[in-house]
Every structure is written in C-alpha cells, then in structure tokens.
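Participant: Quick check, what structure comes out for this input:
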Amino acid sequence: MSILARLCCCAAFQPSIVVVNGQKYKLQRLLGEGGSSFVYLVETPGNELLALKKTRCPFGSIGSISPAMKEVNNYKRFQSPYIVQLVDFQVCQEKDGSKTVYILLPYFSKGSLQDEINRHLLNCTEMPELDIVRLSVGMARGLLCIHEANVNDDADVTYSIVSAPYYEDASLLNDLELDTFGESQQSYAHRDLKPANVMVSPEGMPIISDLGSCTRALVEISSRQALLQLQEWRSEHCTSAFTAPEIVDVQLKSVITEKCDIWSLGCTIYAMCFGISPFEREEQISGASITYAITTGKYTTPPGTNRSPKLIDIIHKCLKVDPTERPSSGELLTLLMDLQGELVS
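Facilitator: Residues are numbered from 1 along each chain as shown. So this is what the prediction gives:
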C-alpha cells in the first residue's frame, strides 16, 4: 500500500460509537469480559469516562434477558455511597431476533480492591491497618444497605426496551426458583463479595459492584431440585475462595441467609491483611483442597504477623462455619468502627 493510501486510510478512520438512549459514547478499550458480557471503557461527549457493560441475549426472550435486567433492578434498588450506582441502561432489539442489554456504570480509574492488593504484593509492602479497617467499614456499610432492603422497597420502573416492555413480575426472576420465606420483609444478599467486586473511588472509598449475583437473602433448600439449581447457580456466579461453606457444600433442608456475605467480607479483610484469601493460603501451605478447608473452617494466619489481635479476632468472628455464630452486618460494622476509633485516637 502506498504512503498516500495509508494516509487516506488513517484519515478515514473513525472511533467506534455506541448509542444508549440516544446518547453517543465513544468506545476507548475493552476492560474485561466474561460469559456473554463485555465491559468497555467509553467516553461521553463531555469527556467523562464511564464503564459500559454489553450483554448479548441470543434468544431475545424475557427469560434470556432476565439475568441482565435483574442486575439493573439491583442497581436501582440499593441507594448507598458504598454501592455502585446505575448511570443508564437500554435493551436493544437486534435484526437476528436477539437482544443486547447495555448497562452504563461509573468508571473507577483506581481499579478494584484486588488491584490494590496486587499493587502491595508487587511492591512487597503491606496495606496499612487503618486503611484496611477504613475500607472494611465502608464495605460493611454497603452490606448493611443490601441486607436491610426488602422486597417491599421495589417501585414500579419504566424500562427503555426496544420492541417490548419489561415487567419484573414476568421476568422469571424467582430467585433461582427456590423456595423462599414469603414475600414480605425479605432482605437481600450479594453472594459474590470479593476484592475484585469492590471498586475504589477516587477518594479511596470502597464501592461494592457487580450486583448480578444479588438475590433475596433467605433461601430454603427444601427439595432435590432446589439443591441442584443452587449448585448450578453457584458454579456460574460464585468464587469459591470467598464463598461461605453453606453455599460451597449446600445441604438439603438447609437455610441460606445474608450471613454468607459476612463470611465473604471476612475473607476479603484477610486478603487485605495478607495478600491472599485464607482458604487459598491454606490450600497452598497444607495441600488440603479449598473445599475441605472452607467447609471445615480450617485456616491460619501467617506466623509473626503484626496485624492487631482485634482485627484478627474480627476475621475469626466472620469465618465461623455455622452462619448463626457470625455477626450481622450491623454488629460487624460496630466492631469495625470501634477498632477504627482506637486506631485514629
């Protein structure tokens, strides 16, 4: 190709544009992908950077788009500075009959809490304990908002969907189609809390994200079918190293509550302290399977650690195999705030 032709090609190049509800966004780069979803960094006409999650729903049915719409509903449901807030969304009808769900979210240039942990590992440094406790307080506040929400908080929402309206009561979102404890005063649980799902704001605040796994908290496994459904759901939505034993080894006739998030937060605090989740570390040092370590609650802290006994005790309280022995999100928040007060005094 001649130099002139190459110059013409360059001059003719136009950045990719995506339109959501009539607003144009310039695609900058791919941030991540998983399953049928892709997350892009996009730029508004006003030069603001946002994250755009694009999910392809190949069958185009309400059942096909339900998981994505469930995530949208959760962003609308929980209003907290410690939970990511929805910017905009749209469902578009494609020519082949499929649908594409676009979800616009804030972009966090500092990345996730996992990125922060990795930076300390690469630099052979430790995260300061005050930072650990401050971040933990923020996450506990976010969980408290999720755990105190109930199904009666839902308001009618008008959705921007091309070709067909969307109503949550027809969305097949019956919480894994498992048996639940009635329709009133039911809280929610995140169910996949981990460092990679906690973003860090420019001010250094933790922001709980990825609400696609968030469901009603109280679930009773009352049948073999429910057991198999939860096992399938777990394999798609949960990260074993941060997942509570009652979900890792779900049992018939068992009850799963929001206390699974307390376990996950305990694992996350441990990872901030030592750079790895407690049960991944146990697998490395003892050779035991991670599933065995989780279901037996077998883990240790590195010898000679300089982490305060009170912080280690909070981790121990979170990582009780019996969910009823774990603190509630409110109780955990109180413990963390008391420790924070001692560290800053």
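Participant: going forward, measure contacts between C-alpha atoms and count neighbours the same way
Facilitator: Will do.
Participant: For the stretch 101-250 of the chain, which segments are assigned as strands?
Facilitator: Using DSSP state E, counting those that start in this stretch, the strands of the stretch 101-250 of the chain run over 179-180, 188-189, 198-200, 206-208, 215-216, 219-220.
Participant: Please enumerate the helices of the stretch 1-150 of the chain.
Facilitator: Taking DSSP state H, counting those that start in this stretch to define them, one finds helices in the stretch 1-150 of the chain at 3-12, 62-77, 113-122, 129-148.
Participant: deepest of those helices, which one?
Facilitator: helix 129-148 (a mean of 22; mean count of other CA atoms under 10 Å).
Participant: give me every residue that touches Leu135.
Facilitator: Met205, Pro206 (CA atoms under 8 Å, 6 or more residues apart in numbering).
Participant: For it, give its distance to Gly32.
Facilitator: The spacing between Leu135 and Gly32, counted by CA to CA, to the nearest Å, is 24 Å.
Participant: so where is the stretch 101-250 of the chain shaky, pLDDT-wise?
Facilitator: 150-186 (pLDDT under 70).
Participant: Mind doing that once more with 90?
Facilitator: Per-residue confidence for the stretch 101-250 of the chain (pLDDT under 90) gives these ranges: 149-187, 212-213, 215, 232-239.
Participant: Roughly how far does Leu121 sit from Gln340?
Facilitator: Counting by CA to CA, the gap from Leu121 to Gln340 is 24 Å.
Participant: How about Glu280?
Facilitator: Going from Glu280 to Gln340 by CA to CA gives 27 Å.
Participant: swap in Cys124?
Facilitator: 25 Å.
Participant: When the two are compared, which one has more neighbours?
Facilitator: Neighbour tally, Cys124 and Gln340, criterion other CA atoms under 10 Å: the higher count belongs to Gln340, 20 against 8.
Participant: contacting residues for that one?
Facilitator: Leu130, Val133, Arg134.
Participant: before we move on, the earlier item: would you tell me which of the strands of the stretch 101-250 of the chain gets closest to Pro67?
Facilitator: Taking CA to CA, strand 215-216 is the member of the strands of the stretch 101-250 of the chain nearest to Pro67, at 10.9 Å.
Participant: In the sheet, which strands lie alongside that closest one, parallel or antiparallel?
Facilitator: As defined by DSSP bridges, the strand partners of strand 215-216 come to strand 188-189 (antiparallel).
Participant: List of residues touching the strand it pairs with?
Facilitator: Applying CA under 8 Å, 6+ apart, the contact partners of strand 188-189 are 143, 146-150, 214-218, 257-258, 260-261.
Participant: looking at the residues you listed, which has the most residues close by?
Facilitator: Result: Leu143 is most packed of the contacts of strand 188-189 (other CA under 10 Å), 29 neighbours.
Participant: Tell me the spacing between that residue and Glu283.
Facilitator: For Leu143 relative to Glu283 (CA to CA), the value is 28 Å.
Participant: Over to Lys54?
Facilitator: 36 Å.
Participant: Tabulate the helices of the stretch 1-150 of the chain (TSV), appending distance to Tyr292.
Facilitator: Listed next are these as TSV, based on distance: least, CA to CA, whole Å:
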stretch	distance to Tyr292
helix 3-12	57
helix 62-77	31
helix 113-122	24
helix 129-148	27
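Participant: In the stretch 201-345 of the chain, mark out all the helices, start to finish.
Facilitator: 224-237, 245-248, 259-274, 278-286, 290-296, 309-318, 329-344.
Participant: Those helices: lowest mean pLDDT?
Facilitator: Per-segment mean pLDDT for those reaches its minimum on helix 224-237, at a mean of 89.
Participant: For that one, buried residues please.
Facilitator: Ala226, Leu227, Leu230, Arg234 (16 or more other CA atoms under 10 Å).
Participant: Give me the distance between the last one and Glu71.
Facilitator: Going from Arg234 to Glu71 by CA to CA gives 16 Å.
Participant: Contact partners for the closest residue to Gln231 other than its chain neighbours?
Facilitator: Closest residue to Gln231 apart from its sequence neighbours, by CA to CA, 6 or more residues apart in numbering: Val250 at 7.5 Å. By CA under 8 Å, 6+ apart, the contact list for Val250 reads Leu227, Leu230, Gln231.
Participant: Then Phe242?
Facilitator: Asp192, Leu193, Lys194, Trp263, Ser264, Cys267, Thr268, Ser277.
Participant: Pretty sure Lys76 sits against Gln85.
Facilitator: Yes: between Lys76 and Gln85 there is a contact at 7.4 Å, judged by CA atoms under 8 Å.
Participant: The nearest residue to Ile262 once chain neighbours are set aside: neighbour count?
Facilitator: Spatial nearest neighbour of Ile262, chain neighbours left out: Cys318 (5.6 Å); criterion: CA to CA, 6+ apart. Per other CA under 10 Å, the neighbour tally for Cys318 reads 26.
Participant: State the number of residues packed around Lys320.
Facilitator: Neighbours around Lys320, by other CA under 10 Å: 21.
Participant: so it sits right up against Arg326, yeah?
Facilitator: Yes: with contact defined as CA under 8 Å, Lys320 reaches Arg326; the gap is 5.9 Å.
Participant: Which neighbours do those two have in common?
Facilitator: With CA under 8 Å, 6+ apart, Lys320 and Arg326 have common neighbours Trp263.
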